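**Q** Sequence first, then the predicted structure, then my questions.
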Amino acid sequence: MRENNYKPQMPDVMEAIFDAAYLIFDLVAAVLFFIFSKGNTLFVLYGALTLTLCGGDAFHLVPRIIRAVQGSSDKIKRQLGIGLQVSSITMTVFYIILMYIWKLTFPEITLPVAIQAVIWISAVIRIVICMFPQNNWCTDEGNMKLSIIRNAVFVVTGIGIIILYLISGNTYGYHMTRMAAAIIISFGCYLPVTLFSKTKPKVGLLMIPKTCAYMWIIAMGLQLLF
């Protein structure tokens, strides 16, 4: 049942505006990548990266926007749970694509086989774990044990990507060490939210800088494009 006489409060309205602006930013950026890529595989990949981010997060953020404006309901709770599962998978795919973006951005630097293997293996393991019904995505309780496991594996994926961008450093004057900084910020904000937000809702505010970090990653791609 939907909440009766629900009236959105200012924090709800601000959340809806922020989430909508983020999704619009991603969508516009993806269109720009595809339009101006001129067949350049690097920027086509950036477009795919941005669409993956936008599409996956939309499964979770659109229900959040609706909840902020209209109030919660059993249907919205289920959509939020499914959205969390989908976005968890697409976030993992996001980092796999980012690895190949690194490879195309710095073709003269050899992608270490060990790091590539670690990224792929950890990503596949996380995706498989995210598919388990035992995650209880659509319940308030969730599954803390599986949450810890799937996010610990996700951290391994993130560390692999961070190492790559630290290896490339300032090659070609691209200053892509900023990419490593953005990833560190995103993980630093994401992990507390995914582990503690159910018991400490205010921790959810960390999703704002986490989202900004992802926008920064996309903005770095746009900077290379233009």
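**A** Cool, got the structure.

**Q** average model confidence for the helix ranked longest in the chain?
**A** In the chain, taking DSSP state H as the definition, the longest helix is helix 74-105. Helix 74-105 shows a mean pLDDT of 94.

**Q** Give me the distance from it to the chain's centre.
**A** Helix 74-105 has its C-alpha centroid displaced from the chain centroid by 6 Å (C-alpha atoms, centre = their mean, to the nearest Å).

**Q** quick thing: my sequence starts at 47, can you match it?
**A** Right, with 47 as the first residue, what we last looked at is helix 120-151.

**Q** Now the following helix or strand past it: buried residues?
**A** Sequence-wise, the next helix or strand downstream of helix 120-151 (DSSP states H and E) is helix 159-176. For helix 159-176, the buried set under the neighbour-count rule, 16 or more other C-beta atoms under 10 Å, comprises Ile161, Val164, Ile165, Ser168, Ala169, Ile171, Arg172, Ile173, Ile175, Cys176. Quick note: C-beta positions are derived from backbone N, CA and C, even for glycine.

**Q** Show me what the very next helix or strand once past helix 159-176 is in contact with.
**A** Note on helix 159-176: by DSSP H and E, the next helix or strand toward the C-terminus is helix 190-214. Here helix 190-214 makes contact (C-beta atoms under 8 Å, 6 or more residues apart in numbering) with 134, 137-138, 141, 144-145, 148, 151-152, 155, 157-158, 161-162, 164-165, 168-169, 171-172, 175-176, 178, 180-181, 220, 222-223, 225-226, 229-230, 233, 237, 240-241.

**Q** Of these, keep whichever come out buried.
**A** Neighbour counting by 16+ other C-beta under 10 Å classes 134, 137-138, 141, 144-145, 148, 151-152, 157, 161, 164-165, 168-169, 171-172, 175-176, 181, 220, 222-223, 225-226, 229, 233, 237, 240-241 among those as buried.
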